[in-house]
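Student: fold the following, please.
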Amino acid sequence: MPDGVRGALVRRVSAKPDGPLDVTWLAGGTPRLPLGRIRLHWEPAALAGWDITAHLGLATTEVHLASWPAAPDDWPRLIRPTIHEVTGLCTALALATDALDLSNRLAGV
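Tutor: Numbers count the residues shown, from 1 in each chain. You can find the predicted model right below:
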């Protein structure tokens, strides 16, 4: 990971098992993550592989989503299923929230 970078923001996760995981770098001074977005951070593990962590942006904070200690060099393939499922859940939650808000507005609540 380049100097001065806080992590990588996940932009897109392919549904295919060997599909891409598209990210963009986040500068060190970047504010907290937006709701439903995932930040990845990786660094070389002590003995071999990579120590990877993922954080998820919630409405008022960021939470630790997952860790993959000493992951092999093909770690994007390892973490992709988890990241794909979480992004899908966040999208579904956002859609359900929008539908509930619309329903409340139409009902005059």
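
Student: break down this structure into its strands, ranges please.
Tutor: Secondary structure of the chain, counting by DSSP state E: strands at 5-13, 21-27, 38-44, 50-57, 62-71.

Student: partner strands of the fourth one and their direction?
Tutor: The reference is to strand 50-57. The pairing partners recorded for strand 50-57 under DSSP bridges are strand 38-44 (antiparallel), strand 62-71 (antiparallel).

Student: next one: the second one
Tutor: Paired with strand 21-27 in the same sheet, following DSSP bridges, are strand 5-13 (antiparallel).

Student: spatially central residue in the protein, please.
Tutor: residue 38 (1.9 Å; Cα atoms, centre = their mean).

Student: across the sheet, point out what pairs with the residue lying closest to it once chain neighbours are set aside.
Tutor: Taking Cβ to Cβ, 6 or more residues apart in numbering, and ignoring the residues beside it in sequence, residue 38 has residue 10 as its nearest neighbour in space, at 4.3 Å. The way it works is simple: take the backbone N, C-alpha and C, and place the C-beta from them, glycine included. Taking DSSP bridges as the rule, residue 10 bridges to residue 23.

Student: can you tell me the closest non-neighbouring residue to residue 21?
Tutor: Nearest residue to residue 21, sequence neighbours excluded (Cβ to Cβ, 6+ apart): residue 76, at 4.8 Å.
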